[in-house]
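> Any chance you can model this:
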Amino acid sequence: MTTANDIVSSYESGRRDFSGSAARGENLSSMRLRGIIMRRCDLSFCNFSNSDLTDADFSHADLAGATLTGAILRNAKFEKADMSRANIRAAVIDNTNFRGANFMWAHLCGNDMLKADLKDAVLDWSCLIDTKLSAEQLNAVPKGAILSLSQETHEYRLKAGTGYTKPVSGYTPVISTYKKVGGEVPEYKQSPEQREIGPFTPKKKLPEHH
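All right, here's what the predicted structure looks like:
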């Protein structure tokens, strides 16, 4: 297992290629790691928040559950990386390659994705609240992705979805306020159960009688 200290000290000594390394869960936040190459690395649950990752290469890397909030991802490559359940809020995204990346259940809120390459990216159940997308990008967003919901609903979603192992019961993506080319996106239809109990209301266990 490669530690954060190993990576930083080696990087500062001139090394750039760490391909194939395993650094699961390491804290690499607020670091200047421009041009670092971490292809096919196990970086799951690592913390890269506020780090400068300009020109970095994370192609095919495992970044599941990683945190990249506030990171600079300019000219970085994440082609076919596993970024499921990752937290990538308010990052600097400019000419960033996300081709074929898996963003399932990832938080991409508050990003400007207009200069991102999202071709073939998996966005199912990803959270894109307040994220800027072009009309072409928006057309490729699957129905299950989250584009808008209330703060109360969002907080419940985060609590109920801990682990992200399966869709949360009663979770309703609200996308009807966003438009695609040719008209509005069809309004999401609730299931009969949701109409009866209302969205985001956890089922309560009935009290036992003795």
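> May I ask you to confirm that residue 117 is in contact with residue 96?
Yes. The pair residue 117 and residue 96 qualifies as a contact (CB atoms under 8 Å) at a distance of 7.1 Å. Just so you know, the C-beta spots here come from the backbone N, C-alpha and C atoms, and that holds for glycine as well.
> more neighbours, the two?
residue 96 (23 against 18; other CB atoms under 10 Å).
> pLDDT wise, what is the more buried one at?
The model reports residue 96 with a pLDDT of 98.
> try residue 170
At residue 170, the model reports a pLDDT of 35.
> Based on its surroundings, how many neighbours for the nearest residue to residue 112 once chain neighbours are set aside?
Leaving aside its sequence neighbours, residue 112 sits nearest to residue 132 (CB to CB, 6 or more residues apart in numbering; 4.6 Å). Using other CB under 10 Å, residue 132 has 15 other residues around it.
> Help me confirm that residue 132 comes into contact with residue 114.
Yes. Look at residue 132 against residue 114 with CB under 8 Å: they come within range, at 5.5 Å.
> for this structure, what spans make up the strands?
Taking DSSP state E, the strands of the chain run over residues 96-97, 116-117, 179-180, 183-184.
> Pick out the shakiest of those strands, pLDDT-wise.
Comparing mean pLDDT over these, the weakest stretch is strand 179-180, at a mean of 34.
> And residue 86, how close does it get to residue 15?
Per CB to CB, to the nearest Å, residue 86 is found 25 Å from residue 15.
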